Structures are given as structure tokens and as C-alpha cells.
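K.L.:
test case, fold it:
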Amino acid sequence: MPLPAGFEKRLWAAADQLWANSALQPSEFATPVLALIFLKYAEHRFAEAEQQRAPSRRRGGAGKGDGRAGGVLFVPESARFSRLLRLPEGADLGEALDDAMRAIEAENEDLEDVLPKTYGRFDARTLKELLELFGAIPEDVEGDVFGRIYEYFLGNFAPRALQKGGEYFTPYSVVRLIVEIIEPYHGRIYDPCCGSGGMFVQSANFIAEHRKRPADEIAVYGVEKVAQTLRLARMNLAVHGLSGDIREANAYYEDIHDQVGKFDYVMANPPFNQNAVDRERLKGDRRRFPFGMPSVDSANYLWIQLFYSALSASGRAGFVMANGASDARGSELELRRRLIQTGAVDVMVALGSNFFYTVTLPVTLWFLDKGKARGAREDKVLFIDARRVYRQAGRAHRDLSPEQIELLANIVRLYRGEAPEDLHGSGALLKERFPGGRYADVPGLCKAATRGEIEAQGFSLNPGRYVGAARRVPEDVDFKERLERLNEELTRLNGEARELEAKIAENVAAILGA
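P.N.:
Down below sits the predicted model:
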């Protein structure tokens with residue numbers, strides 16, 4: 001059976017109320033609650049596997065080998081959600097839950113040191129109510145219900161528990177747009193700053209939507225430097241029935257997956273404008289950083305090179321960047337010029353502000369395609385200005401509807417000569433903008449620019465420079481957003497000033513030494 005309408009929302013409201021009446025910080029509450037959803041899912045899948053076994057084998061009870069043979073987590077009796085729910089009044093639920101998490105980890109190597117053992121911080125009443133709350137999830141649900149619930153909770157915890165910069169969680173609609181444009185039907189997927197694993201999960205959802213089994217089509221590889229976030233990612237994969245090679249490391253300094261030329265798809269949301277990276281440690285690594293080191297103290301063009309170098313000869317990449325990277329000057333301009341001249345830059349999509357929970361700045365989505373460098377689009381880049389395409393999802397937050405995501409992805413499909421899709425009702429919108437059923441530049445929305453046109457614009461990759469002006473509408477920009485935007489620009493200009501100062505000093509020294 002499907003979930004009742006609004007079930008996830010009601011479930012969240014009840015859990016949120018329990019948190020409001022506790023003394024726990026959001027970060028202390030979030031992971032244990034997500035782990036309870038995971039525990040309920042694990043028992044549900046294990047019970048399904050047991051029902052599917054031959055009756056002659058079922059008489060002996062479920063064994064460890066039976067669960068693993070079916071690609072399901074083995075859940076020992078002591079860790080069953082139903083057993084925990086039936087514990088008598090006065091039982092130490094916190095200790096019982098900690099023991100349950102340890103028991104599952106002991107039986108499932110992929111989950112070693114992943115699950116929380118901090119339930120002793122909860123009062124007994126809150127734990128009992130949480131167990132009863134998630135116990136209300138129907139047993140005969142269809143599809144990826146637990147994955148949907150997990151994602152819904154993860155997204156709602158995000159504004160309260162996130163770190164500055166958005167490394168922990170990328171909003172669903174942004175991830176989904178990247179996936180729709182990348183089209184990861186089959187192959188190896190890599191995210192070197194994978195956060196809670198959203199890129200992997202949405203790739204799997206994309207494949208399932210196209211009637212294939214994700215586990216048969218993709219292999220996922222990730223890197224995450226924050227141990228707690230890595231645990232969330234592994235749990236997120238497990239609750240969606242996925243497994244992957246995700247490791248704790250710093251992607252700048254450790255090539256833990258031997259990444260160069262290895263992956264069919266790279267998807268990522270790296271930290272915006274990150275500074276203090278030790279570039280001296282990276283200078284000799286021309287395999288991963290083929291265009292060289294930026295002289296400014298920003299990691300944007302380090303990340304871009306990591307994504308580019310990880311791609312196979314026909315690989316595609318899609319990633320989030322702060323807007324400033326599209327127009328950055330100085331050494332970053334030279335790095336961008338070298339990238340553009342490879343022919344791998346495929347699509348640039350400008351999004352508006354307030355899509356991210358902790359950063360109000362507008363962002364740009366970059367898409368690379370090494371395969372296009374040998375085809376009809378070799379000399380072109382598609383620019384899409386989607387700053388006025390959004391759905392207001394709250395007073396201070398925006399997202400994209402499924403229809404809008406599909407529309408933007410269909411513009412790219414038309415540009416690539418692919419058939420558009422209409423799984424989410426975008427057909428009318430697409431026909432309105434492209435009545436001939438073929439790609440054509442639309443002023444204010446999209447433009448396929450040649451490399452010569454890009455060179456004439458100083459190798460800028462800012463979509464606003466190419467698509468032309470749309471009718472101007474008043475911008476709803478608050479003071480905080482404007483200040484953050486100005487601060488980003490000031491940071492960029494200061495970096496360029498330091499770069500020029502260093503060059504002047506170098507030239508003066510050369511003249512005096514002559």
C-alpha cells in the first residue's frame with residue numbers, strides 16, 4: 001500500500017514536537033532519530049526477505065546467510081524494532097537501543113562504527129514515544145517509502161544542524177536537477193565531498209524512475225572528511241538499499257580512490273570559496289590538477305580540476321559553484337581558459353538566491369562532458385539563466401518543482417539532440433518555449449554560445465552574459481543576502497589585489513637585480 005497523503009509531514013511534526021520538549025541540541029537529536037528510521041527499515045526488509053524464502057527453509061528461522069544472500073542487512077533478534085517496542089515498562093530503552101545498534105554493526109561490515117550509541121542522553125519517555133511513532137509506519141508499504149521518510153527528515157533537520165557552507169546536505173531539487181542533466185544511467189559515480197550521500201541516492205532514484213534496478217546499473221564511490229557526516233551517508237545508502245565505497249579522507253591531499261580518469265559521472269557540492277588549502281602540497285600533482293595552481297586563496301579551481309581529472313574519456317560531471325567562480329579574474333581566469341579550451345565544458349545553469357539553507361547567495365551549476373569534445377557540440381557551451389525559475393518553499397527558502405526540474409533538463413536534452421521527457425508534466429511548458437520541438441536560443445533563458453563568443457567575453461562562464469536580458473522584475477533581496485554577495489565580491493577582489501601585488505614585487509625585484 002502507498003503511504004497516506006502527508007504522512008511524512010505528520011511524522012516529522014510529531015518527532016519535532018518531541019525534540020522541542022527535550023534538552024537536546026539538534027545535532028544530538030538528528031542522527032539518533034534518523035537511525036531509528038533506519039532500524040525500522042532494516043527489520044522491514046529483513047522480514048520481507050524471510051517471507052520470500054522457500055517454506056522448507058523458513059521453518060528453521062532466519063539466518064545470517066539468508067539475509068545477506070538476498071542483499072539485505074542481517075538483523076539479529078536483539079536488534080529487532082518490534083522487540084524494542086515491546087520492552088516492558090521500566091526497561092532501560094537507551095541501553096537497549098545502544099546494544100541494538102552495536103548488534104547490527106557486528107553482523108554487517110558495511111555499517112561498522114556508523115550507527116549512534118547515544119540513546120542514553122534521551123529520557124525514557126521520549127524514546128518510547130519515538131519508537132511508537134516510527135512503529136506506526138505501515139508494514140505493507142510499497143516502493144522506497146523508508147528512503148522518502150529518511151530524506152524528508154534529513155532535509156528538515158538540515159536548517160538546524162548544518163555547518164556553514166552547506167557541506168552536510170544539498171537541497172533535493174538542486175541534486176535532482178544535476179542528476180537529470182548528467183543522466184547517470186549506468187557506470188561509476190564519484191563524489192569527493194559527498195556529505196550525506198544525496199547525489200548517490202538521487203542517481204538511484206533516477207535509474208529506478210527509468211525502470212531499471214540501481215544496484216545492477218551503478219557503483220558509487222565517495223569521500224567525506226567529517227566522520228559524523230560520513231556515518232549519515234552510509235546510513236542513507238543503506239536505507240535506500242544501496243552500498244558503496246565511501247571513505248573518510250581529505251580529497252585535496254588524499255587520492256584515496258586513485259581517481260584520475262576512473263569515473264563515468266562526478267557529482268558534487270563542494271564548500272563555497274574555501275580558503276587555507278595548502279597549495280604547496282598539491283603543486284607536483286599534475287594528474288589531478290592538470291591546469292595548475294590558482295594563486296588566490298580559494299579552493300574553487302582546485303575542486304573544478306579534481307572533478308575534471310576524475311572523469312573517464314566520455315565522462316560527465318555536474319557540480320555546484322559560487323557565482324564568483326564563473327567570472328573570476330587573474331590566475332583563475334587562466335585556469336578557466338585552459339578548461340574551456342579542452343572542449344569539456346558542456347552546460348552552465350545559473351540559479352537564484354535562497355536555494356541553500358545556510359547560504360543565501362545565488363549559485364551556478366557547472367556541467368562537464370569529456371565525450372562532447374569529439375562531437376558536434378565540441379565548440380559550444382549551453383548557457384541557461386534559471387534565476388527566475390523557482391518555487392517559493394517558505395518565507396526565506398526556494399526550490400524547484402518536479403515540473404521545473406524536468407523543463408530545465410529538457411532544454412539540455414533538446415540541445416544534445418535527445419528526446420525530451422514528460423514524466424512530471426513539463427510538456428506544455430516545453431512546447432510553449434520551443435514550439436518547433438527543437439532547440440533554439442530563447443532570449444533571457446538560454447543560449448548556445450561558441451568558443452569564439454566565450455573568448456570575446458573574456459572566457460566568462462556567467463550565463464547572464466550570453467542569454468540576453470529578460471523583462472526586469474523587482475528583486476526580493478534582503479540586506480543579509482546583499483551583504484553576503486558584496487562580501488564574496490570583496491574577497492575575490494582582495495585575492496586579485498594580492499596576486500597583482502606579488503607580480504609587481506616580482507617585477508621590481510627582477511628590474512633591480514638586472
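K.L.:
now do the strands in this protein.
P.N.:
Shown for the chain, the strands assigned by DSSP state E span residues 187-191, 218-224, 244-248, 263-268, 311-322, 345-351, 363-369, 380-386, 391-394, 397-399, 446-450.
K.L.:
turn those into TSV, including distance to His44, mean neighbour count and mean pLDDT.
P.N.:
(Each C-beta comes from the backbone N, C-alpha and C, glycine too.) As requested, these are arranged in TSV below (distance: least, CB to CB, whole Å; neighbours: other CB atoms under 10 Å; pLDDT from 0 to 100):
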stretch	distance to His44	mean neighbour count	mean pLDDT
strand 187-191	26	23	97
strand 218-224	23	24	96
strand 244-248	21	17	94
strand 263-268	29	26	98
strand 311-322	33	21	96
strand 345-351	37	25	97
strand 363-369	36	24	97
strand 380-386	38	24	97
strand 391-394	30	12	84
strand 397-399	29	18	86
strand 446-450	44	19	97
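K.L.:
export those strands to a markdown table and append columns for distance to Arg286.
P.N.:
Putting these into a markdown table (distance: least, CB to CB, whole Å) gives the following:
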| stretch | distance to Arg286 |
| --- | --- |
| strand 187-191 | 20 |
| strand 218-224 | 20 |
| strand 244-248 | 24 |
| strand 263-268 | 19 |
| strand 311-322 | 16 |
| strand 345-351 | 20 |
| strand 363-369 | 18 |
| strand 380-386 | 25 |
| strand 391-394 | 43 |
| strand 397-399 | 40 |
| strand 446-450 | 29 |
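K.L.:
ok, which of those strands comes nearest Leu115?
P.N.:
Of all those, the one in closest proximity to Leu115, counting by CB to CB, is strand 244-248 (15.1 Å).
K.L.:
list the helices and strands that closest one packs on?
P.N.:
Contact here means 3 or more CB pairs under 8 Å, 6 or more residues apart in numbering; DSSP states H and E; on that basis strand 244-248 packs against strand 218-224, helix 227-239.
K.L.:
could you export these as TSV, including distance to Glu421?
P.N.:
Compiled in TSV, the helices and strands packed on strand 244-248 are given as follows (distance: least, CB to CB, whole Å):
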stretch	distance to Glu421
strand 218-224	19
helix 227-239	26
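K.L.:
select, out of the ones you listed, the one closest to Gly147.
P.N.:
Evaluated with CB to CB, these place helix 227-239 nearest to Gly147, the distance being 5.7 Å.
K.L.:
strand 244-248 and the closest one, what's the angle between them?
P.N.:
For helix 227-239 against strand 244-248, the angle between stretch directions is 170 degrees (axes from the mean of the first three to the mean of the last three CA atoms, to 10 degrees).
K.L.:
run the chain-centre distance for helix 227-239.
P.N.:
Per CA atoms, centre = their mean, to the nearest Å, the displacement of helix 227-239 from the mean C-alpha position of its chain is 13 Å.
K.L.:
that one packs against which elements?
P.N.:
Using 3+ CB pairs under 8 Å, 6+ apart, helix 227-239 sits against helix 26-52, helix 145-161, helix 198-209, strand 218-224, strand 244-248.
K.L.:
okay, now the unreliable bits of the stretch 101-250 of the chain?
P.N.:
When residues are selected by pLDDT under 70, those of the stretch 101-250 of the chain lie in 140-144, 161-168.
K.L.:
same thing but at 80, please
P.N.:
Low-confidence segments of the stretch 101-250 of the chain (pLDDT under 80): 139-148, 158-169.
K.L.:
what number of residues lie near Ala106?
P.N.:
Applying the criterion other CB atoms under 10 Å, we find 13 residues in the vicinity of Ala106.
K.L.:
should've said Arg388
P.N.:
13.
K.L.:
against Asp98, how distant is the nearest residue to Val412 once chain neighbours are set aside?
P.N.:
Ranked by CB to CB, 6 or more residues apart in numbering and with sequence neighbours excluded, the top spatial neighbour of Val412 is Ile181, at 5.1 Å. As defined by CB to CB, to the nearest Å, Ile181 lies at a distance of 43 Å from Asp98.
K.L.:
give the buried residues for stretch 370-377.
P.N.:
By 16 or more other CB atoms under 10 Å, the buried positions in stretch 370-377 come out as 370-373, 377.
K.L.:
over to stretch 395-410?
P.N.:
Residues of stretch 395-410 classed as buried under the neighbour-count rule (16+ other CB under 10 Å) are 397-401, 403-410.
K.L.:
can you check stretch 252-263 too?
P.N.:
Within stretch 252-263, the residues scored as buried using 16+ other CB under 10 Å are 252, 255-257, 259-260, 262-263.
K.L.:
any idea how far Gln17 is from Phe29?
P.N.:
In terms of CB to CB, Phe29 sits 12 Å off from Gln17.
K.L.:
compare the two (neighbour count), which wins?
P.N.:
A direct count of neighbours by other CB under 10 Å for Phe29 and Gln17 places Phe29 higher, at 24 against 12.
K.L.:
need the contact list for the residue lying closest to the more buried one once chain neighbours are set aside.
P.N.:
Excluding its sequence neighbours, the residue lying closest to Phe29 (CB to CB, 6+ apart) is Trp19, at 4.9 Å. For Trp19, the contacting residues are 26, 29, 33, taking CB atoms under 8 Å, 6 or more residues apart in numbering as the criterion.
K.L.:
how about stretch 401-417 as CSV, C-alpha atoms only?
P.N.:
Taking Å, rounded to 0.1, in the frame of the first residue of the first chain, the C-alpha atoms of stretch 401-417 are listed here in CSV:
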residue,chain,number,x,y,z
SER,A,401,9.2,21.8,-8.6
PRO,A,402,9.5,18.4,-10.4
GLU,A,403,7.9,20.1,-13.4
GLN,A,404,10.6,22.9,-13.4
ILE,A,405,13.4,20.5,-12.9
GLU,A,406,12.2,18.5,-15.9
LEU,A,407,11.8,21.6,-18.0
LEU,A,408,15.4,22.7,-17.4
ALA,A,409,16.7,19.2,-18.1
ASN,A,410,14.7,19.0,-21.3
ILE,A,411,16.3,22.2,-22.6
VAL,A,412,19.6,20.4,-22.2
ARG,A,413,18.2,17.2,-23.9
LEU,A,414,17.0,19.3,-26.9
TYR,A,415,20.4,20.9,-27.1
ARG,A,416,22.1,17.5,-27.1
GLY,A,417,19.6,16.1,-29.7
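K.L.:
what does it contact?
P.N.:
Applying CB under 8 Å, 6+ apart, the set of residues contacting stretch 401-417 from outside is 173, 176-177, 180-181, 347, 349, 367, 376-377, 382, 384, 386, 389-391, 400, 419-426, 429-430, 433-434, 437-439, 445-446, 448.
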